[in-house]
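Asker: Here's my sequence, what's the structure:
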Amino acid sequence: MPEHEKYFAVDVLTFPSSHYALKAEKVCKDAGIRVVLIPLPREISADCGVALIVRPEARQNAEDLLGQAGVSLNNVHHLRRKGKDARLWRRLL
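Answerer: Numbers count the residues shown, from 1 in each chain. Okay, here's the model as predicted:
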């Protein structure tokens, strides 16, 4: 497998509450932006919660759309995955 296919990068959008994450998912999907709701990765926070993953090239569009819709966003984290997680996220997005 080529080196570039071993890893898959995503941007993880975090929110003040699950309510905002669910609203963000709907807003993005309604606009045709592919996002996936996931449990908040432990390397970001030990708190329970949910986050959205989006391809890095779609992140700015998603952020702009969420701002226009009044959806509060806490932060954006760039993560790289390899192996099983990379294959799963690549299929989902």
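Asker: residue ranges of the helices in the protein, please?
Answerer: Remark: helices assigned in the chain by DSSP state H are 3-6, 18-30, 56-69, 84-92.
Asker: ranking those by mean pLDDT, which is last?
Answerer: Across the helices of the chain, helix 3-6 has the smallest mean pLDDT, namely a mean of 60.
Asker: For residue 73, grab phi and psi.
Answerer: Main-chain torsions, residue 73, degrees, to the nearest 10: phi -120, psi 130.
Asker: and what of residue 32?
Answerer: The phi/psi pair for residue 32 (degrees, to the nearest 10) is phi 90, psi 10.
Asker: quick revisit: with respect to residue 50, which of the helices of the chain lies nearest?
Answerer: Taking Cβ to Cβ, helix 18-30 is the member of these nearest to residue 50, at 4.6 Å. Yep, even glycine has a C-beta here, placed from its N, CA and C like the rest.
Asker: quick check: angle from the closest one to helix 56-69?
Answerer: Angle, helix 18-30 to helix 56-69, by axes from the mean of the first three to the mean of the last three Cα atoms, to 10 degrees: 110 degrees.
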